[in-house]
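**Student:** Here is my input, please return the structure:
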Amino acid sequence: MWEGETERHFVLVAADHLIKALEMFDSPPPIEPMVKAELAEARDLNEHWDENLPHFHVSSRPGALTHRTGRSFEARNPRAGPYNWWSWDGDKGLLVTPSVSGEQVHELVEIAIGAVRDSPYPDLADEVLPRPVSP
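**Tutor:** As a prediction, this is how the structure comes out:
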């Protein structure tokens, strides 16, 4: 269980850093706003789990959250919380958050690879390794 939760936490941190790095480009590539918001919020809520977990781990949620991140996440996901690393959707497959699939995270990585390859900094492009064929 802890290994799965740890891996998900690292995915959330890496995705958050990737989004911030892409925003540093002179012409940042477009990222779906919901994906961007949900990954950043889930990372923040997992980082500050001690303040937020009691609110999300009960069926009738007590009161309003004090942090904006929790409020916007809850508005988008009224029946789901940010702490379930073992989520699956019949249509989307693996879920990293209630609204973001593993496939969407892979698409974010592909956007980053394309942005680096197309950047005006040739040294960056040399750092992108060829992608292995997906099984």
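
**Student:** Secondary structure element for Pro78, which one?
**Tutor:** Take DSSP states H and E as the rule and Pro78 turns out to sit in neither a helix nor a strand.

**Student:** Report how many residues lie close to it.
**Tutor:** Pro78 sits with 8 neighbouring residues when counted by other CB atoms under 10 Å. Where C-beta positions appear, they are placed from N, C-alpha and C, glycine not excepted.

**Student:** and it, how far is that from Trp88?
**Tutor:** As for Pro78, its distance to Trp88 is 20 Å (criterion: CB to CB, to the nearest Å).

**Student:** ok, and what's touching stretch 107-120?
**Tutor:** 15, 18-19, 21-22, 25-26, 28-29, 31, 35, 39, 124-125, 127-128, 131 (CB atoms under 8 Å, 6 or more residues apart in numbering).

**Student:** Swap in 6 Å and give it another go.
**Tutor:** With contacts defined as CB atoms under 6 Å, 6 or more residues apart in numbering, stretch 107-120 is touched by Leu18, Leu22, Pro29, Leu124, Ala125, Val128.

**Student:** pLDDT of it, averaged?
**Tutor:** Confidence for stretch 107-120, expressed as mean pLDDT, is 86.

**Student:** For Asn52, state which of the contacts of stretch 107-120 is nearest.
**Tutor:** Leu18 (23.0 Å; CB to CB).

**Student:** Just checking the distance from the helix or strand that contains the closest one to the centre of its chain.
**Tutor:** Counting by DSSP H and E, the element that carries Leu18 is helix 2-22. From the chain centre to the centre of helix 2-22 is a distance of 7 Å (CA atoms, centre = their mean, to the nearest Å).

**Student:** in this protein, which ranges drop under the pLDDT threshold?
**Tutor:** Confidence mapping of the chain against pLDDT under 70 gives the ranges 58-64, 66-67, 135.

**Student:** residue nearest the centroid of it?
**Tutor:** Among the residues of the chain, Leu39 comes closest to the average C-alpha position under CA atoms, centre = their mean, at 2.7 Å.

**Student:** That one against Ala15, yeah?
**Tutor:** Yes. Leu39 lies in contact with Ala15 (CB atoms under 6 Å); the separation is 4.5 Å.

**Student:** Only the buried subset of the contacts of stretch 107-120, as a PyMOL command please.
**Tutor:** Isolation of the buried members of the contacts of stretch 107-120 (16 or more other CB atoms under 10 Å) is achieved in PyMOL through the command below:
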select buried, resi 18+22
